[in-house]
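Enquirer: Let's see this in three dimensions:
(chains A and B)
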Amino acid sequence: MDFAKDGKMLNRVCFSIIALAAVLTVWIGTSAQNTSKVTWPEVDWHKAPITAQNRKPAPKREIAGSWSTAEGANAGTQAKGVQLKPSDGNPEHDVPFTPHGLEVFKTHKPTEGVNLVPVSQQNDPRNLCEPLGFPRWNHYTLRFAQIFQDAAKVAVLYDYDNRWRTIWIDGRPLPKLLDGGVEIDGQFREDRWMGYSVGKWLDDDTLEVQTVGTMPEDLVWLDNAGRPISDQARITERFRRVDDDTLEWSETIDDPKMYTKPWDALKFIMRLQDIHTEENEDICSPALYKQYLDAFGNASSKQ
Amino acid sequence: MKNKLVILLALGFLISLPLSAHHGSASFADGKTAVLKGTVTKWIYANPHLLLMLDVKSENGEVVHWILETQSPTVMYPAGYRKDSFKPGDQVTVTAGLAKNGEPVGRIVNAVLADGTKLGDFRAESSPAR
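Expert: The predicted structure is shown next:
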């Protein structure tokens, strides 16, 4: 045996093992450090597109998750009005007002859309931090929403103003719409800011939700452009789980008091975010709103 | 009139950006911006929109108090705006969209902080990769 040669070989092997261990130690340490840096993960607005290679099948009858607008944070802002019909002067975006609807619309003084007015002249209830009411919550900075689900219900947690609503999926009937409220089990029930929502699965991927019993036209607007909505509205939403990472959220307005026919307001594609994701707080404070108007809004619109 | 003079002096360049926001777009002249170099007097990091108070000295020595807004904290956070981004006394350079009425109010397009850090437009920072 050549002990000298064998010894050199052994040294090389030992050196290689030590070097490999050192590299692994540094790599693991760096990885752990990088991971440990993010303890309060934020919304990832730059997620890779869904492709045939990374697409995962949709879970059946399941829409729970933390969802963000797929086209970026500002896709859901809807500053000029509902996503599919922004008030921008395009005739294709006109909504089919009834004479009464048009009359109410003209009394609204929005700060966005084609009929916008200076801040000092506006009368949007939003600027008093009044509850937006449903369906306007769908039409206002819909950046990030958390959806929870159990056997009986789905809860939608809106980021703006930390509001939430319940959609019952336990088979209960939709309340009968009356003037100024609804009828449930033979009793008159009051109208609500979020209305009364009932959902049913059309198939394993699509939950259809109907909402009635929302607040009257003197308390709520449909959108930032000042379109009206009445307590006679029936709102139909469809939540379609396209795949594991994608949820399509659409909405149709049917309000015979304000509009001559039903029309589509939304069709958002939402991306699934990590369940640990927390969006920044976005609460409307009347005092802070007044501070803003006093300091800036009124000066910017001074004649 | 003096305010208008300051605006004219501060006009570094004109660019065209859609300054769509939630509140009060009627009051802004589309595309008209000014570069404002001044001293921070106050930074309000709160809803509905962030507000930056800035003292800007004109060429004749007059100090004009500007009030500049952005969007809400939630919208601006991804673009790097933080509660401690500005402190009273900081010397900063801000490009802002201007109000139609000539008042010293505007909307921040971008800002260069005292340490040279540049804060950009929220639209670019919060959109998905193309």
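Enquirer: So, low pLDDT: which residues of chain A?
Expert: A:1-36, A:303 (pLDDT under 70).
Enquirer: Mind jotting down where the helices sit in it?
Expert: A:3-37, A:99-107, A:286-292, A:298-300 (DSSP state H).
Enquirer: distance of A:Ile50 from A:Asn162?
Expert: Counting by Cβ to Cβ, to the nearest Å, the gap from A:Ile50 to A:Asn162 is 30 Å. C-betas here are computed from N, CA, C, even on glycine.
Enquirer: Who has more neighbours out of the two?
Expert: A:Ile50 (18 against 11; other Cβ atoms under 10 Å in any protein chain shown).
Enquirer: surely the more buried one meets A:Leu247?
Expert: No: when contacts are counted by Cβ atoms under 8 Å, A:Ile50 is not listed as touching A:Leu247 (11.7 Å).
Enquirer: For the residue nearest to A:Asp274 when sequence neighbours are not counted, give me its contacts.
Expert: Distances taken as Cβ to Cβ, 6 or more residues apart in numbering or on different chains place A:Pro41 nearest to A:Asp274, at 5.7 Å, with adjacent residues excluded. A:Pro41 makes contacts with A:274, A:276-278, as judged by Cβ atoms under 8 Å, 6 or more residues apart in numbering or on different chains.
Enquirer: which of those residues lies closest to A:Asp205?
Expert: For these, the minimum distance to A:Asp205 (Cβ to Cβ) is 22.3 Å, reached by A:Asp274.
Enquirer: ok now do the closest one, which residues does it touch?
Expert: A:Asp274 touches A:41, A:44, A:66, counting by Cβ under 8 Å, 6+ apart.
Enquirer: now do A:Gln291
Expert: Neighbours of A:Gln291 in contact, by Cβ under 8 Å, 6+ apart: B:44, B:46.
Enquirer: Can you give me the distance of the most centrally placed residue in chain A to B:Thr70?
Expert: In chain A, the C-alpha nearest the mean C-alpha coordinate belongs to A:Leu142, at 3.5 Å (Cα atoms, centre = their mean). The gap separating A:Leu142 from B:Thr70 is 20 Å, by Cβ to Cβ.
Enquirer: now do B:Asp30
Expert: B:Asp30 is 17 Å from B:Thr70, by Cβ to Cβ.
Enquirer: between those two, who's got more neighbours?
Expert: Neighbour count, other Cβ under 10 Å: between B:Asp30 and B:Thr70, B:Thr70 has more, with 23 against 12.
Enquirer: Kindly provide the distance from the more buried one to chain A.
Expert: Going from B:Thr70 to chain A by Cβ to the nearest Cβ, to the nearest Å gives 11 Å.
Enquirer: Kindly give a single PyMOL line that selects the buried subset of the contacts of A:Pro41.
Expert: In PyMOL syntax, the buried subset of the contacts of A:Pro41 is picked out as below (16 or more other Cβ atoms under 10 Å in any protein chain shown):
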select buried, chain A and resi 277
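Enquirer: Taking the contacts of A:Pro41, tell me the two that lie furthest apart.
Expert: A:Asp274 and A:Glu278 (9.9 Å).
Enquirer: and A:Glu237, what does it touch?
Expert: Here A:Glu237 is in contact with A:138, A:208-211, A:249-252 (Cβ under 8 Å, 6+ apart).
Enquirer: All set now, cheers.
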